[in-house]
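J.: Got a predicted model here, sequence first, then my questions.
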Amino acid sequence: MESPLDLYRAVRSRFPAVTEKADAEHRRLGLEVNAKYLYLWFESLATALNREMAQGVSFLLHEPLFLFLAGALSAGGREVGECIDVAFVENLFWKVRAEQAQPYWQGMPSTLKELYMAFFQCGPQPFDHA
């Protein structure tokens, strides 16, 4: 991956099922699905995955995406890493109950966990719906 745009295109082509869910989230926010909003789209991707977690969808279904992103983080340049970090990782686990987040946290590649920990200084925190 040479650029965030390359990353965006690769994720969209390799992971059509979750892309469809991210697109729906993106549109729900009133945004058009367009590469010019790719950082916001990666936030929508994280939100779509948060919904999957909350619905009890197995991490194994999305493990290939997480592995792909970890590989892109390692092989890509600074801008690719920044996109994965700021737009995707920092938006994971938002308002997801601890028991639903745990399988994703356990399965998540260490490079992505390290980004999360660097920002939040801890793993996902318990969230209980009031």
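T.: Cool, got the structure.
J.: Spatially central, which residue of the protein would that be?
T.: In the chain, the centroid-proximal residue (Cα atoms, centre = their mean) is residue 46; its distance is 3.6 Å.
J.: That one sits in which helix or strand?
T.: Using DSSP states H and E, residue 46 sits in helix 38-54.
J.: Centre of the chain to that helix, how far?
T.: 6 Å (Cα atoms, centre = their mean, to the nearest Å).
J.: Can you name every helix or strand that the helix or strand just after it contacts?
T.: On the C-terminal side of helix 38-54, the closest following helix or strand by DSSP H and E is helix 59-75. Counting contacts by 3 or more Cβ pairs under 8 Å, 6 or more residues apart in numbering; DSSP states H and E, helix 59-75 is packed against helix 4-14, helix 38-54, helix 78-82, helix 98-107, helix 110-120. Heads up, the C-betas are built off the backbone N, CA and C, glycines and all.
J.: Contacts for the helix holding residue 46, please.
T.: 4-5, 7-8, 11, 18-19, 21-26, 29, 31, 33, 61-62, 83-84, 86-89, 91-97, 100-101, 103-104 (Cβ atoms under 8 Å, 6 or more residues apart in numbering).
J.: which among these end up buried?
T.: Buried subset of those (neighbour count, 16 or more other Cβ atoms under 10 Å): 4, 7-8, 11, 18-19, 21-23, 25-26, 31, 62, 83-84, 87-89, 91-93, 96, 100-101, 104.
J.: quick one: low-confidence parts of this protein?
T.: Low-confidence segments of the chain (pLDDT under 70): 121-123, 125-130.
J.: repeat that for 50
T.: 130 (pLDDT under 50).
J.: Look up the closest residue to residue 3, ignoring the ones flanking it.
T.: residue 79 (6.1 Å; Cβ to Cβ, 6 or more residues apart in numbering).
J.: my guess is the one you found meets residue 6, correct?
T.: No. Applying Cβ atoms under 8 Å as the test, residue 79 and residue 6 come out as separate, 9.9 Å apart.
J.: So for stretch 50-69, what gets flagged as buried?
T.: Buried-residue list, stretch 50-69, by 16+ other Cβ under 10 Å: 50, 52-53, 57, 59, 62, 65-66, 68-69.
J.: And stretch 11-18, by the same measure?
T.: In stretch 11-18, counting by 16+ other Cβ under 10 Å, buried: 11-12, 15, 18.
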